[in-house]
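Q: Turn this into a structure:
(chains A, B and C)
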Amino acid sequence: MGDVLSWQQSNYMHASFAKTFMSAAGDLAVQSLRAAQENDYILVVEGGVPAAFDGMACTLFTENGRDVTMLEAVQELAPNAQAVVCVGTCASYGGIPASGSNPTAVKTVSEVAGIPTINIPGCPAHPDWVAATIAKVLCGEKFILDDNDSRPVDIFHRTVHYFCPRRPLYDKGHFATEIGQEGKCFYKLGCKGPYTIADCSARGWNNGFNYCIQANVPCAGCAEKSFPADQLFKR
Amino acid sequence: MKRKEENNNKSMDASGNHELSRRGFLKIVGVFAISATGAGLISCDKDTIPDLSPGVSLGYILVDTKKCQGCLTCMISCSLVNEGCVNLSLSRIQVVQNTLGCYPDNIHISQCRQCENPKCVDACPNAALIIDKEHGNVRLVKPNNCIGCGRCVMACPYEPKKPIIAPDERFGELLKSRKCDLCINAPHHFASVGGGIEGVRACETMCPLGAITFATEMPEQEGDEGYEVNLRGLNWAFLGYDIS
Amino acid sequence: MGGYVGKIIRVDLTTRNISFIDTAKYEKWGGGHGIGSALFYDIAVKEKGLDFENMDHNSPDDGGFHPDNVVTIMTSPLSATGVPAATGRTEVQGIGVQQYPIGWFTRSNFGGYFGPMLKFAGYDGIVIEGASPNAVWIDIRDENITIRDCDEIGLWGKDTTETQYMIWAYVAGQETYGSWISPNDTNGSTTQRPAVLTIGRAGEKKSRMACLIHSAACAAGQGGFGGVWGSKNLKAISVIGTGSVPVDDPAGLLSARLSNVRDYALDVDKADLMSLSRGMIRHNMPPTIMDAYGKTPTYFYNGDLTDSLRKEKKGPLSCMGCYAACRGRYKSGKANGASCAGTWFYGQADEREFQIEATDLINRYGFNTYDFFQGLPYLNDLAEKGVIGLSGSGAEIESDLDFSTFGSLEFAGELLRIVAERDTPFGDTVADGFMRAVVKWGRVDDLGDNTEEDKSHLRFPYWGMPEHHYDGRAEVEWGYGTILGDRDINEHAFAQIYLDNYWGERIPFRGTDATAEEAVRIYSSKMLPQANEYDSPEDAMQMLNYSTENIYSIHIVRLVAWHRHFTRFFKESMLFCDMKWPDFVNRSREDKAGSSPWVEPQFIKTVTGKNLSFLEGMEIGRKIWNLDNAIWVLQGRHRDMVRFSEYMYKSPFPETYKMPTYNPDKIKKWAYRDCGHRCFDSDKFENFKTKFYTYEGWDIDTGWPTRQTLEELDMGDVADSLAYWGKLGTD
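A: Take a look at the predicted model:
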């Protein structure tokens, strides 16, 4: 992490188009996007891509009076990008909106673009994972993606269960029987920790402040393809 | 993992290092310093100090491919004792052959090497593929912990890859890894002594020509072929076969 | 029930329709031949109502070559499971084209890995009917079955070796063998190559001598099934499977196998081979279950049935699940797997190396070596006498083949080429088999005994088929079993006694495994239920009395009946390999008694979970034998045509052939005495047939099964079919 952080200090990532935090708005924002398309760029997508209603369930911006859907934008921008990075489980695997009846026909970015993507799942995706991966892509550093899930294997290496602080409780069979019980292992309540490859137990969330299990809630497996499962937890 | 109360004061210094981590570092150093000086007075409980050496396996399957007749009895037996049915795709020993090819290159017996530095163990994200210290350091899968992710397969440096990911009927058809465990946990073992280092292994016992044998010491390795031994004696020559 | 995987594929090549049959409906027939006959009856006789009797078995488009011919390829519940020497074989049946004058509903089987692989893919067997308008091959990958055009990869025209390589490459795609491959994208993976059953050029051109080839020289040789496939435009069937075969008691099966192999077979490393063989172990087959490995091919080179003197380095090659390889794999890769009679083609070559090359070649063409073993020296003799000559020479039979080069490697290649291609009158005639050739040439009188010195005759004693060593006049159960059945039986349970004597005399210090009395006592005590029809075990021994006085008796009737029923169930249906089973006299045991017939039911039980006794198995065998006879009867069989070639009644078999005989006047009543140098008495043979038909419950005037016999065997519907066609025997 040291290299990337120091790089972050001395350089900056220039986002040509980022709805939530760019200073431009309206036509100016769109111009910035179109200008960026003239050169090399990396496409970072957050959220699953709704395909129903011609993609009109999610419009990204208005250009020359016409609403441009997320579907159209991804399909246009992805093929020419140097890399396509999916941030979050929805973009990577469909996530919550693609589950159940999926009324807006949400698809993964990879399905819509027709090309493989670098997936950084998580609901949400951990900022460390996102920053590290995008930095590596920008630096041109080589990293390996998992065959099945297309996640960087150096980040997604051990399960939540592997480093879980409640492992001694698991090993000794001290299981919680109800949500909310303190100081017990949530395995019998359907904790997805053993099946979820993510380093939450080692890294923590909110700058290491806390994370799900430490907050006394079982792991929901939000970084896996299978998220959300039919029944996250059980009695 | 940083503790709650320290994180409130987190700040970054110019070099990007967390100020906290220095404090944290000093704390850890402090702990070591104490135990180092008190080494004579404080005994180290081995449960608290992690054992970092992997431990070599105490059992190895060795083969003589030149003696192999390609009957696949080893594969049949392996899948029978471990899976309770015959399935070549679930056998943890694989014999690959081209019956139309030239002896001896047209056949290859591929067995798990019980590697000294097992890449499969390193790759397992859930500590399911482990070095089983209770059973002679055999590298084996504890299916309860296995999530069927397949990292062990990708990590195996040999072809064909030794671990196999397939649905396991004991776990409601969930994907689980399997690999040679010297028949330690074989649920359908035919011998009352069972498998493992002290017992008998299915492939080795059932091979009708004695082309598979067992050793308790790691064989000398020469590239990939270190686990080949010559098991052909005078009788073999008498039958007109090659003993070189 | 363990062992079966549940489905049989039914392919109609005319419509390209693929459907499935529930194996469960046929499990009562066992497997292999039993299911094959039952399916043939249900489909060809009942469903299609084929008019068998009016088929023209000399036409290139009728009989077995007609699209309506139904070919079955069937495994047994034991296939793939690891039962020793009963894991790898597969049974093929259908209307044959080799036999003369009628292409009987016949059988052939082959070893290797095809049957097991079919089961891993999820199928107990395949039924093929119809004919494709263009050349196709069938690609089976687990649940995906695709009929593919040969044009796609240019498969038609390729030899049997090339075909296998091409199909392996096609199925593997960009992958290489030696790694895990998923040939069927959605399913499991395997490291194995697909098992391919294919025809060569001989089959493509519908030679009646064409066979099916799998792997290295695993051949379904008899019946001309290669030509049958050629008539269906079917080039090959490839199967790769990643699934499981269920076994009822896995630990029990492995224990049974371990103790059987340990107690009844030789330990290849520890056995004292020298003393056991009293000189040499590498003798000819069939070895008993206890026999050792090293059954490298026996090249009949220049009349000498010696062991292979192939000097190159070699290792053993066996079929799946066998405990003792009878085949080899060679440094040159030439003629891998060719064994026994499969190596006897071109024994008159100038050099042994040419014979090995020629063996490789004949397997690539996919020709049956049996026919050529007898036929080629005969042709050469005709050429030497000027009967066969080059075109334009004015010889009686013209050919483009230059027999003056006989003995060279080029000659063998040219011979096979012209017979396969059928583009000259000579090649075309020979391609229909030597029997039909001599009929066409008006030389039927040439049928007769062929010796090392005199090759001017053709040893074709029955149904237009060659014999290979085991002459019916001497070893009567072989001759009778053949003539009362559909083909040269090629089942060596009793031939083993002859071979024991043959090698006992030729190998220094070898002797025989058992004395005549010991052997006969052991054999007869195991021949249930026929042995129980006698008052005492002593009396039962008469079943193995091959003396001339006895060979037309009820005792020999029982011998033949036992053999036909046993082979129909245990060997052809449950697929216990003829190389190793039955285990009767076993020289590694102190009492010399082998593990048959109690071990076969033990294996069946551990695999299937079914308590099938040996006697029950024999009764199923009798049922299958009766069904087969019913089908032959529908094809036109009548006792009047159940006749050997005329020379069998006129010329004594010219060789010595020792079998056990009983002579009450001698001190040593039981002894191995020469049963050669004799021929059949025509009237006594007719009388024998009457006894046999009586014993089997068939009409003695016609040889047709009766209603009573069929209903007793729960085959009343078969009786109805026979009645419909006016062929039901009367009691």
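Q: I figured C:Phe372 hits C:Phe345, correct?
A: Yes: in this structure, C:Phe372 is within contact of C:Phe345 by C-beta atoms under 8 Å, at 5.0 Å. (C-beta placed from N, C-alpha, C; glycine too.)
Q: intersection of neighbour lists for these two?
A: Taking C-beta atoms under 8 Å, 6 or more residues apart in numbering or on different chains as the criterion, C:Phe372 and C:Phe345 both touch C:Ile362.
Q: more crowded one of these two?
A: C:Phe345 (28 against 25; other C-beta atoms under 10 Å in any protein chain shown).
Q: That one: what's it in contact with?
A: By C-beta under 8 Å, 6+ apart, the residues touching C:Phe345 are C:355, C:358-359, C:362, C:369, C:372-373, C:376, C:412.
Q: So it lies in a helix, does it not?
A: No: with DSSP: H, G, I helix; E, B strand; the rest coil as the criterion, C:Phe345 is assigned coil and is not in a helix.
Q: so what are the domain limits for the chain?
A: The chain I'm using is chain A. With domains defined by automatic domain parsing, chain A comprises A:2-139, A:158-235.
Q: that's the wrong chain, I wanted chain B
A: B:1-50, B:60-238.
Q: Pipe those into JSON lines and attach mean neighbour count per row.
A: Shown next, in JSON lines, are the domains of chain B (neighbours: other C-beta atoms under 10 Å in any protein chain shown):
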{"stretch": "domain B:1-50", "mean neighbour count": "10"}
{"stretch": "domain B:60-238", "mean neighbour count": "20"}
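Q: Which one of those has the poorest average confidence?
A: Mean pLDDT is lowest for domain B:1-50 among these, at a mean of 37.
Q: Nearest to chain C among the domains of chain B would be which one?
A: With C-beta to the nearest C-beta as the criterion, chain C lies closest to domain B:60-238 of the domains of chain B, at 3.7 Å.
Q: Could you give the separation between the terminal residues of that closest one?
A: End-to-end distance of domain B:60-238 (C-alpha to C-alpha, to the nearest Å): 29 Å.
Q: Could I get the full set of helices for the chain?
A: Because you didn't say which chain, this covers chain A. Here chain A has its helices, by DSSP state H, at A:2-10, A:26-36, A:70-77, A:89-93, A:109-113, A:127-139, A:167-172, A:200-203.
Q: my bad, chain B
A: Going by DSSP H, chain B shows helices at B:4-7, B:19-37, B:73-83, B:119-123, B:151-155, B:202-206, B:234-238.
Q: contacts for the fifth one?
A: Read that as helix B:151-155. A:146-147, A:153, B:119-125, B:129, B:141, B:161, B:163-165, B:177, B:179.
Q: ok, and which of these reach chain C?
A: The subset of the contacts of helix B:151-155 within reach of chain C, by C-beta under 8 Å from any C-beta of the partner chain, is B:Lys161.
Q: And for C:Ala217, the neighbour number?
A: 27.
Q: Setting aside sequence neighbours, what's the nearest residue to it?
A: Distances taken as C-beta to C-beta, 6 or more residues apart in numbering or on different chains put C:Gly337 closest to C:Ala217, at 3.7 Å, once the chain neighbours are dropped.
Q: Kindly report the same for C:Ile624.
A: Nearest residue to C:Ile624 in three dimensions, chain neighbours excluded: C:Arg568, at 4.3 Å (C-beta to C-beta, 6+ apart).
Q: residues contacting that neighbour?
A: Listed by C-beta under 8 Å, 6+ apart, the contact set of C:Arg568 reads C:33-34, C:620-622, C:624-625, C:628.
Q: Unless I misread the structure, it falls within a strand.
A: No: secondary structure assignment (three-state DSSP) places C:Arg568 in helix, not in a strand.
Q: From chain A, how far off is it?
A: 52 Å (C-beta to the nearest C-beta, to the nearest Å).
Q: Which pLDDT value belongs to that residue?
A: 98.
Q: Correct me if wrong: C:Pro377 contacts C:Glu452.
A: No: with contact defined as C-beta under 8 Å, C:Pro377 does not count as touching C:Glu452 (9.3 Å).
Q: Between the two, which is the more surrounded one?
A: Between C:Pro377 and C:Glu452, C:Pro377 has the larger neighbour count (other C-beta under 10 Å), namely 23 against 10.
Q: All the strands of chain B, in order from the start?
A: Under the criterion DSSP state E, chain B contains strands at B:60-63, B:85-86, B:94-97, B:107-110, B:129-132, B:138-141, B:164-168, B:174-178, B:212-215.
Q: so which of those gets nearest C:Gly154?
A: strand B:94-97 (26.1 Å; C-beta to C-beta).
Q: quick check, distance from the closest one to the centre of its chain.
A: 19 Å (C-alpha atoms, centre = their mean, to the nearest Å).
Q: Just checking: what are the partner strands of it?
A: Paired neighbours of strand B:94-97 in the sheet (DSSP bridges): strand B:107-110 (antiparallel).
Q: and C:Arg622, what pLDDT?
A: 98.
Q: excluding its backbone neighbours, what's nearest it?
A: Excluding the flanking residues, the one nearest C:Arg622 by C-beta to C-beta, 6+ apart is C:His565, at 4.5 Å.
Q: C:Pro77 too?
A: C:Gly3 (2.7 Å).
Q: how about the residue most central in space within chain C, what does it touch?
A: Centroid-nearest residue in chain C, with C-alpha atoms, centre = their mean: C:Ser108, separated by 4.4 Å. Listed by C-beta under 8 Å, 6+ apart, the contact set of C:Ser108 reads C:91-93, C:211-212, C:220-223, C:225, C:487.
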